[in-house]
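Visitor: Got a sequence here, can you build the structure:
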Amino acid sequence: MLKLVEDNRGQAMQRCAWAGEEPIYVEYHDTEWGVPEYDSRALWEKLILDGFQAGLSWITILKKRDNFRAAFAGFDPNVVATWGEAEVARLLADPGIIRHRGKIEATISNARAWQQIEAAGGFDRFLWDRVGGQPIQNRWASKAEVPAFTPLSEQISKDLKRAGFRFCGPTIVYAFMQAVGIVNDHVTTCHRHAEVARLAG
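Guide: Residues are numbered from 1 along each chain as shown. Sure, this is the predicted structure:
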């Protein structure tokens, strides 16, 4: 089902049902989700947060995102890559984030893997070259049609793991691809589908 909403002129419009009614989730849906992201650091941040989401709901992460940013030095991978056990212990004691040792340690090693990819040609290009620099414009009529993963997300997952990344399975990677606009998975009746498509340029 789609969620019926009204725009600022009081006219009825629709959005993807998963956005629900919580303001933080609606705002995320209406302003961020699916918007093409081309900044290497921002792409890394989103992939890390999607890794923390594993086994949890995205809204749980979204509500803690500011805490995560503070705890992880603004998600600067060049800073995080220098961390060791002292920082892991600090993060495990931080109630504002998800205190999961495996995910915290993976974030540090993923920062080092990001550095290698970035130096070799750019993390942004590593991802966007897979789609020729242009988002895939899907045309799903309902949420039921949207896949959990695709052959492309499986391939990117394999390549990330080969490069040293962890917590980046095909489902996590596909959720990441949706969030950063590598694919436009707003359903066609959502008011954001056409708006996001226009951003592809």
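
Visitor: pretty sure P36 contacts E195?
Guide: No: counting by Cβ atoms under 8 Å, P36 stays clear of E195, with 12.0 Å between them. (C-beta placed from N, C-alpha, C; glycine too.)

Visitor: and for those two, which residues touch both?
Guide: Common neighbours of P36 and E195, counting by Cβ atoms under 8 Å, 6 or more residues apart in numbering, are absent.

Visitor: Who are the packing partners of the longest helix seen in the chain?
Guide: Secondary structure assigned by DSSP state H gives helix 101-120 as the longest helix of the chain. Applying 3 or more Cβ pairs under 8 Å, 6 or more residues apart in numbering; DSSP states H and E, one finds that helix 101-120 makes contact with helix 40-53, helix 77-80, helix 85-92, helix 123-128.

Visitor: Can you pull out the low-pLDDT segments for the chain?
Guide: 1-12, 201 (pLDDT under 70).

Visitor: one more time with 50
Guide: 1-4, 6-11 (pLDDT under 50).

Visitor: Include distance to E154 and mean neighbour count when you put the helices and strands packed on helix 101-120 into CSV, please.
Guide: Shown next, in CSV, are the helices and strands packed on helix 101-120 (distance: least, Cβ to Cβ, whole Å; neighbours: other Cβ atoms under 10 Å):
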stretch, distance to E154, mean neighbour count
helix 40-53, 15, 21
helix 77-80, 24, 18
helix 85-92, 30, 14
helix 123-128, 14, 20
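
Visitor: between the ones you listed, which one is nearest to D66?
Guide: Proximity to D66 (Cβ to Cβ) singles out helix 40-53 among the helices and strands packed on helix 101-120, at 11.6 Å.

Visitor: list the helices and strands the closest one packs on?
Guide: Applying 3+ Cβ pairs under 8 Å, 6+ apart, one finds that helix 40-53 contacts helix 58-71, helix 101-120, helix 123-128, helix 170-179.

Visitor: I'm done for today, thanks for sticking with me.
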